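Asks: Sequence and predicted structure, then a few things I'm wondering about:
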Amino acid sequence: MTSHHITEEPIKKMAVFGETHKNELTGVFLVKQGLENDAEIQRTGVVSKCTTYIDCDLNHVFDLENHVKKMSEDLPYEVKRTQERNHLFGPKNSDDSYDIIYDLHNTTSHLGCTLVLEDSRTDFLIQVFHYFKTSLAPLPCYVYLIEHPSLKYATTRSIGKYPVGNVEVGQQLQCVLQADILDQIRKIIKHVLDFIYQFNEGKEFLSCAIEIYKIMEKVDYPRNESGEIAAIIHPNLQDQNWKPLHPGDATFGTPDGKTILLGGDCTMYLIFVKVAAYYKKKEVFTKTMKLTLNAKSICFSSHQKSVRAHFLWGILKKDQLISTLRTQLCLVQVHVHST
């Protein structure tokens with residue numbers, strides 16, 4: 001008899017965020033395409049400004065400290081949005097929070113199709129990512145694991161019971177749309193909905209394994225005494241995400257022609273190489289290590305009835321579903337009916 005990792009409840013509620021970073025227009029565009037009509041209201045925030053954020057990165061302030069801050073005019077814009085999202089889709093770590101939060105991003109780095117995983121210990125999440133990778137083949141799809149003891153993450157998607165994470169696809173310039181990137185993210189949305197539908201129908205997903213890249217360290221440019229950039233990415237690494245880099249390989253080049261080599265004693269894989277938005281964060285790339293994660297079989301427990309899920313696109317502004325592009329959140333509501 002097959003051994004199951006049992007999930008007691010179906011997936012009932014899922015939200016897709018398409019406007020976390022306002023200059024990444026793929027998610028914004030897909031939100032609009034998911035709507036049934038084009039009702040016009042005033043847009044919130046900074047899509048028209050085409051900046052990543054106004055005061056701070058929305059994808060790094062989704063924690064209890066910011067959730068409990070008193071609302072005031074001088075509160076950072078993104079903290080206000082964080083409190084709104086926590087109210088609408090949470091509260092975080094509560095029984096009422098959404099089952100899955102999925103966040104759409106495009107990046108200026110030549111990253112290809114990348115899925116961000118927050119938890120390596122949950123069979124359900126590994127199964128979801130395995131389904132994505134298999135469904136997207138032969139298109140390469142990489143999995144980036146952000147578990148790290150000293151690096152704090154407080155992402156918008158962490159409100160969900162299953163932090164499925166976000167999709168990063170690139171290269172795409174800021175404030176533009178690109179057909180191939182749009183198509184890839186649209187396919188990923190389709191596959192996540194397909195997985196949830198099959199899971200809610202009672203399908204058993206057999207044990208599996210996926211290859212992942214686990215974060216080890218974020219690296220800045222070499223800098224001089226004045227804090228200015230003193231070397232740039234070596235030509236051998238230009239646009240070379242996911243490629244193995246060995247100790248002693250060329251990493252940076254200086255203006256006077258010198259080469260700075262990679263230190264350490266093991267092979268690393270560099271990702272998020274030269275992301276435009278990361279310059280102000282003093283990050284030029286992230287070192288990762290390639291690993292394998294395994295998951296047990298998953299399905300409903302025997303007493304669960306099969307369920308059918310119906311997906312409705314909409315946009316959430318305050319407490320109402322509003323079908324328009326010019327708001328903060330894209331919502332996919334999953335209505336579940338027993339059969």
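Replies: Perfect, I can see it now.
Asks: residues in contact with residue 222?
Replies: Contact analysis of residue 222 by CB atoms under 8 Å, 6 or more residues apart in numbering lists 229, 230, 231, 252, 254, 260. Where you see a C-beta, it was placed from the backbone N, CA and C, and this is true even at glycine.
Asks: Tell me if I'm right that the first one and residue 221 touch.
Replies: Yes: Residue 229 is within contact range of residue 221, at 4.5 Å (criterion: CB atoms under 8 Å).
Asks: More neighbours: which of these two?
Replies: A count of neighbours by other CB atoms under 10 Å puts residue 221 above the other of residue 229 and residue 221, at 17 against 14.
Asks: In three-state terms, how would that one be classified?
Replies: coil (DSSP: H, G, I helix; E, B strand; the rest coil).
Asks: Okay, it and residue 200: tell me how far apart.
Replies: 47 Å (CB to CB, to the nearest Å).
Asks: Equivalent analysis for residue 222, please.
Replies: 51 Å.
Asks: Name the spans of the stretch 51-200 of the chain whose pLDDT lies under the cut-off.
Replies: Where the stretch 51-200 of the chain drops to pLDDT under 70, the residues are 51-80, 82-83, 85, 87-88, 90-93, 150-158, 165.
Asks: Would you state the helices of it in chain order?
Replies: Along the stretch 51-200 of the chain, counting by DSSP state H, counting those that start in this stretch, helices occupy 64-67, 77-89, 123-136, 179-200.
Asks: Excluding its own residues, what touches the third one? List them.
Replies: Yep, that's helix 123-136 we're talking about. Taking CB under 8 Å, 6+ apart as the rule, helix 123-136 contacts 5, 7, 113, 115, 117-120, 141, 143, 162-165, 184, 187-188, 191-192, 194-195, 205, 208-210, 293-296, 298.
Asks: mind running it again at 7 Å?
Replies: 5, 7, 113, 115, 117, 119, 141, 143, 162, 164, 187-188, 191, 195, 205, 208, 210, 293, 295-296, 298 (CB atoms under 7 Å, 6 or more residues apart in numbering).
Asks: If you go by neighbour count, which of those residues are buried?
Replies: 7, 113, 115, 117, 119, 141, 143, 162, 164, 188, 191, 195, 205, 208, 210, 293, 295-296, 298 (16 or more other CB atoms under 10 Å).
Asks: And for residue 227, the neighbour number?
Replies: Residue 227 has 8 nearby residues by other CB under 10 Å.
Asks: Dihedrals phi and psi, it?
Replies: phi 80, psi 10 (degrees, to the nearest 10).
Asks: And the one 10 residues further on, by the same measure?
Replies: Note on residue 237: its backbone torsions stand at phi -100, psi 0 [degrees, to the nearest 10].
Asks: burial count for it?
Replies: Using other CB under 10 Å: residue 237 sits among 22 other residues.
Asks: do the same with residue 261
Replies: Neighbours of residue 261 (other CB under 10 Å): 12.
Asks: what does residue 247 give?
Replies: Quick note: residue 247 (other CB under 10 Å) scores 12 neighbours.
Asks: what residues are up against it?
Replies: Residue 247 sits in contact with 262, 263, 264, 265, where contact means CB under 7 Å, 6+ apart.
Asks: Spatially nearest residue to it, not counting backbone neighbours?
Replies: residue 264 (5.2 Å; CB to CB, 6 or more residues apart in numbering).
Asks: quick one: secondary structure of the one you found?
Replies: Secondary structure of residue 264, per three-state DSSP, is coil.
Asks: Relative to residue 292, how far out is it?
Replies: Taken as CB to CB, the span from residue 264 to residue 292 is 21 Å.
Asks: circling back: could you save the helices of the stretch 51-200 of the chain as a markdown table and add columns showing distance to residue 100?
Replies: Listed next are the helices of the stretch 51-200 of the chain as a markdown table, based on distance: least, CB to CB, whole Å:
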| stretch | distance to residue 100 |
| --- | --- |
| helix 64-67 | 20 |
| helix 77-89 | 10 |
| helix 123-136 | 8 |
| helix 179-200 | 7 |
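Asks: Of those, which is nearest residue 28?
Replies: Among those, the nearest to residue 28 by CB to CB is helix 179-200 (10.9 Å).
Asks: Could you tell me the end-to-end distance of stretch 103-121?
Replies: One end of stretch 103-121 sits 21 Å from the other (CA to CA, to the nearest Å).
Asks: Can you give me the buried ones in it?
Replies: 103-109, 111-120.
Asks: Keep only those of the residues you listed that are in strands.
Replies: In this view, these that belong to strands under DSSP state E are 103, 104, 105, 106, 112, 113, 114, 115, 116, 117.
Asks: ok, the fourth one touching residue 180?
Replies: Right, residue 106. No: counting by CB atoms under 7 Å, residue 106 stays clear of residue 180, with 10.8 Å between them.
Asks: show me what contacts residue 217?
Replies: Residue 217 neighbours (CB under 7 Å, 6+ apart): residue 287.
Asks: for it, which residues make a bridge with it?
Replies: Residue 217 has the following beta-bridge partners by DSSP bridges: residue 287.
Asks: So residue 277, which state does it fall into?
Replies: helix.
Asks: Can you give me the neighbour number for residue 199?
Replies: 23.
Asks: Also residue 232?
Replies: Residue 232: 16 neighbours (other CB under 10 Å).
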